[in-house]
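*Asks:* Output the structure for:
(2 chains)
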Amino acid sequence: MEKAILQLETLSCPSCMQRIEGAVKSVSGVDKDSIKVLFNSSKVKTNFDSAVTSIEEIQKAIENVGYPVLKAKVKAA
Amino acid sequence: MQQYILSKKNVITVISGLLIALGFFSHFVLENVGLSEWSLIIASVFGIMPIAIQAFQAMKVKVISIDVLVSIAAIGALFIQNYEESAIVTFLFLFGHYLEQRTLNQTRSAIKELTEMAPESALKQMDNGEFEEVEVDDVDEGDILLVKTGAKVPVDGTVLTGEGHINEASITGEAVPVNKLADAEVFAGTILENGTIQIRADRVGEDTTFGKIVELVEEAQDSKSEAERFIDRFSKYYTPAVLVLAIVVWAFSQNIELAITILVLGCPGALVIGVPVSNVAGIGNGARNGVLLKGSEVIQDFSNVDTIVFDKTGTLTVGNPTVAATELYEKGSAETLGYLASVERESDHPLAKAVLNQIGETNFYPVEETEVVKGGGIVSSVAGHRVAVGNVALMEKENVTLSKKVQKDVKRLEQQGNSLVLTAVDGELKVLMGIRDQVRPGVKDNLQELKDLGVKNLVVLSGDNQGTVDVVAGELGLTEAHGHMLPEDKSAYIGKLQQRGQIVAFVGDGVNDSPSLALADIGIAMGSGTDVAIETSDVVLMNSNFSNLPHALGIVKATANNMKQNIAIAIGVVLVLLTSVFFSEWMNMSIGMLVHEGSILVVIFNAMRLMKYKLKGRKE
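*Replies:* Numbering: from 1, shown residues only, chains lettered A, B, ... in the order given. You can find the predicted model right below:
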């Protein structure tokens, strides 16, 4: 398991969070319980299995629902 | 294409606003209905585009968002040729969104200030020995970095060479620069005010103390209390429920206008944003004032605290004991004082320092065979004499007889709150000193502020003797004071208070009080932003400034109230809107949207008051 930290453009509606969470959840290999969308700091944190998916996949999923990712970082969980 | 439209949302809002103005102008002034209708239709199409895209994206991940409600309502209004409504509703929705974003950024400014203090670059030693500027993310543990005057220390590390003064205010809250020599620890985010140092990186990025503080504040701002999670769950079902309600109304009444009005009026706007926005503003205010609050659950619990327990007298006192009374039991005691000073010179006990300061210049003698008696004092051989320095228990152990007069003095000094240091030479008592700590200036006022904020019980639990504790308690007006307490006694006592139904906050230094910090309803670590303190406590007071404590309690109370106000505003607005749609003539989509967006701004502005919060009666 690795931990992904993605910095998004400033989030401004709380309903965005549901949308982003839904998008990240739909990526297979992501630990669904670990997804955290930080509204105020506009960050997404989640654990994922690097054998199944990659940070690029997660980033793509978020951008597909309309939220540009500014910075993506992977850390050992 | 979708991204492009979304990125131009603000432009679209302006265009749609102008078209609406043109529409009304041509309708009422030019009386050209055709032009008016066309500008409103174009305004509607422009306005619906970004909203519909967002709605579509939400549906793709199985979320019924507000955008879905508004899109259906606007398209429905177009369908029944109510162009005015569709144009105004979409415009207000977009414009409200813009204002929301602007004001929200304000409530987040405190955390932004904090993250902007994070270092961005570092001078790293490359393989050829030269230093090159790199991004701070490219620094690994073990790298050698150069820090020049005026620069930020990029990572937590150890000084290898060089010397300088570092301002560590961002970590400790202490503004006086600290001198750092080789082997000293330095922290990311602190500023080298003068000198040049080379450091080895020990911890980088989010593992640094500063990184942890930032992470803590960030997560705290987004952490959710039980009430918020309830609202989240509620709105998850609420939004689709509004959609269902509108469909049902339409099916029965065949009145599209009424159905789409319900869609707009039912939007849960202010309800979803009301609580988080108070939360972020309150926590932001804290962060700016050196108070780290770990989330909104902490805010709720802390605001209900009725008992505050202090871990030791040192929290309330200066922590710098001085000799308050000296009793000499023989004449020509200069020699004895010399013995005493010589023995105390060997010790780093705080009381020993006080004794040395009191005696001042004297003749020192060589000290041999020093034996430290745990919980008693020191026994040494000085110039051929057996010298015992310590408390009454040590004297008893050494078989030193205490005369009636001495016993009376001991009792008197203890009652005055002194710690006692007795000195016996060759089994005969020579000197008795009473040592006392001064109450911190301003603490009394701060405690009064806590009482004014509704704290009923102020308790001190201390390892000192009961006399010392009682004096401090009496002087400060504490409600309870208990001495002779070991760390495990303290946590047991907190448990007892909780059984009595009191909600207890524990103020400790975060180093050896972990059990008490964890057990108390609210653990408050005071003194510094050390790792342990950050991890084990609910609230961290960044510096040892006692006046931060009343501010912390004040801001959590204000924040908790603010949240309740916002929930009341949000629920009130929805109720009024939904009832008026059925029972009044004047309600329509546009007014509904206006009131909605208005209520969102009201809750944001209400929360913004927290950013300027200051304790009543305090000056800048």
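*Asks:* correct me, but A:S41 touches B:Q221?
*Replies:* Yes. Between A:S41 and B:Q221 there is a contact under Cβ atoms under 8 Å: 6.7 Å. Every residue, glycine included, has its C-beta placed from N, CA and C.
*Asks:* so which residue of chain A comes closest to chain B?
*Replies:* Chain B sits closest to A:G22 of chain A, with a gap of 3.1 Å, by Cβ to the nearest Cβ.
*Asks:* picking up where we left off before, and A:S41 and B:Q221? which has more neighbours close in?
*Replies:* B:Q221 (26 against 22; other Cβ atoms under 10 Å in any protein chain shown).
*Asks:* How much space separates the more buried one from B:V214?
*Replies:* According to Cβ to Cβ, to the nearest Å, B:Q221 and B:V214 sit 11 Å apart.
*Asks:* Could you do B:Q125 as well?
*Replies:* Distance from B:Q125 to B:V214, by Cβ to Cβ: 26 Å.
*Asks:* ok, now B:A241?
*Replies:* From B:A241 to B:V214 the distance is 39 Å (Cβ to Cβ).
*Asks:* Looking at these two, which one has more neighbours?
*Replies:* B:V214 (21 against 14).
*Asks:* pretty sure the more buried one contacts B:L114?
*Replies:* Yes. If you go by Cβ under 8 Å, B:V214 and B:L114 touch, sitting 5.9 Å apart.
*Asks:* Nearest to chain A: which residue in the stretch 501-620 of chain B?
*Replies:* For the stretch 501-620 of chain B, Cβ to the nearest Cβ, closest residue to chain A: B:I600, 9.7 Å.
*Asks:* and the nearest residue to A:K25 once chain neighbours are set aside, how many neighbours does it have?
*Replies:* Distances taken as Cβ to Cβ, 6 or more residues apart in numbering or on different chains put A:K32 closest to A:K25, at 5.4 Å, once the chain neighbours are dropped. For A:K32, the neighbour count with other Cβ under 10 Å is 12.
*Asks:* longest helix of the chain?
*Replies:* No chain specified, so I'll use chain A. If you go by DSSP state H, chain A has its longest helix at helix A:14-25.
*Asks:* that's the wrong chain, I meant chain B
*Replies:* Assigned via DSSP H, chain B shows its longest helix as helix B:548-583.
*Asks:* what about B:K148, distance to B:V176?
*Replies:* Taking Cβ to Cβ, one finds B:K148 at 21 Å from B:V176.
*Asks:* That should have said B:F252, apologies.
*Replies:* 74 Å.
*Asks:* Just the pLDDT at residue 77, thanks.
*Replies:* As the question left the chain open, I've gone with chain A. In this model, A:A77 is scored at 64, pLDDT.
*Asks:* my bad, chain B
*Replies:* 86.
*Asks:* OK, contacts around the closest residue to chain A within the stretch 351-500 of chain B?
*Replies:* Residue nearest to chain A within the stretch 351-500 of chain B: B:L453 (26.4 Å; Cβ to the nearest Cβ). If a contact means Cβ atoms under 8 Å, 6 or more residues apart in numbering or on different chains, then B:L453 has B:P550, B:L553, B:G554, B:K557 as its contacts.
*Asks:* For those, which single residue is the most surrounded?
*Replies:* B:L553 leads the contacts of B:L453 on contacts (other Cβ under 10 Å) with 26 neighbours.
*Asks:* wouldn't that residue be in contact with B:V455 here?
*Replies:* Yes. B:L553 is in contact with B:V455 according to Cβ under 8 Å; the separation is 7.2 Å.
*Asks:* shared neighbours of the two, anything?
*Replies:* Common neighbours of B:L553 and B:V455 (Cβ under 8 Å, 6+ apart) are B:V305.
*Asks:* name the element the most centrally placed residue in chain A belongs to?
*Replies:* Nearest residue to the geometric centre of chain A (Cα atoms, centre = their mean): A:V44, 4.5 Å. Using DSSP states H and E, A:V44 sits in strand A:43-48.
*Asks:* thinking again about what came up before, ramachandran angles for the residue of the stretch 351-500 of chain B closest to chain A?
*Replies:* When read as degrees, to the nearest 10, the backbone of B:L453 gives phi -80, psi 0.
*Asks:* Next, count neighbours for the residue nearest to B:V204 when sequence neighbours are not counted.
*Replies:* In space, and not counting its chain neighbours, B:V204 is closest to B:V155: 4.7 Å by Cβ to Cβ, 6+ apart. B:V155: 28 surrounding residues under other Cβ under 10 Å.
*Asks:* Now B:V155: phi and psi?
*Replies:* Per degrees, to the nearest 10, the backbone of B:V155 is at phi -140, psi 170.
*Asks:* cool, B:L316 as well?
*Replies:* According to degrees, to the nearest 10, B:L316 has phi -100, psi -20.
*Asks:* Find me the pLDDT at it, would you?
*Replies:* 80.
*Asks:* Count the neighbours of it for me.
*Replies:* Neighbourhood size, B:L316 [other Cβ under 10 Å]: 25.
*Asks:* quick one: it and chain A, what's the gap?
*Replies:* 35 Å (Cβ to the nearest Cβ, to the nearest Å).
*Asks:* I figured B:I308 was touching B:Q502, is that so?
*Replies:* No. In this structure, B:I308 is not within contact of B:Q502 by Cβ under 8 Å, at 10.1 Å.
*Asks:* what's the overlap in contacts for these two?
*Replies:* Counting by Cβ under 8 Å, 6+ apart, the residues touching both B:I308 and B:Q502 are B:N457.
*Asks:* Looking at these two, which is more packed in?
*Replies:* Taking other Cβ under 10 Å, B:I308 and B:Q502 do not tie; B:I308 has more neighbours (26 against 17).
*Asks:* give me the element the more buried one is part of.
*Replies:* strand B:307-310.
*Asks:* which other helices and strands contact that strand?
*Replies:* Counting contacts by 3 or more Cβ pairs under 8 Å, 6 or more residues apart in numbering or on different chains; DSSP states H and E, strand B:307-310 is packed against strand B:457-461, helix B:487-499, strand B:504-508.
*Asks:* Sheet partners, orientation included, of that strand?
*Replies:* strand B:457-461 (parallel), strand B:504-508 (parallel) (DSSP bridges).
*Asks:* contact partners of stretch B:468-477?
*Replies:* B:313, B:316-317, B:415-419, B:436-437, B:439, B:443-444, B:447-448, B:458, B:460, B:462, B:478, B:480-483.
*Asks:* Let's see that with 7 Å instead.
*Replies:* B:313, B:316-317, B:416-419, B:439, B:443-444, B:447, B:460, B:462, B:481-483 (Cβ atoms under 7 Å, 6 or more residues apart in numbering or on different chains).
*Asks:* Tell me which of those residues fall in strands.
*Replies:* B:S419, B:V460, B:A481, B:H482 (DSSP state E).
*Asks:* Right, I'll leave it there.
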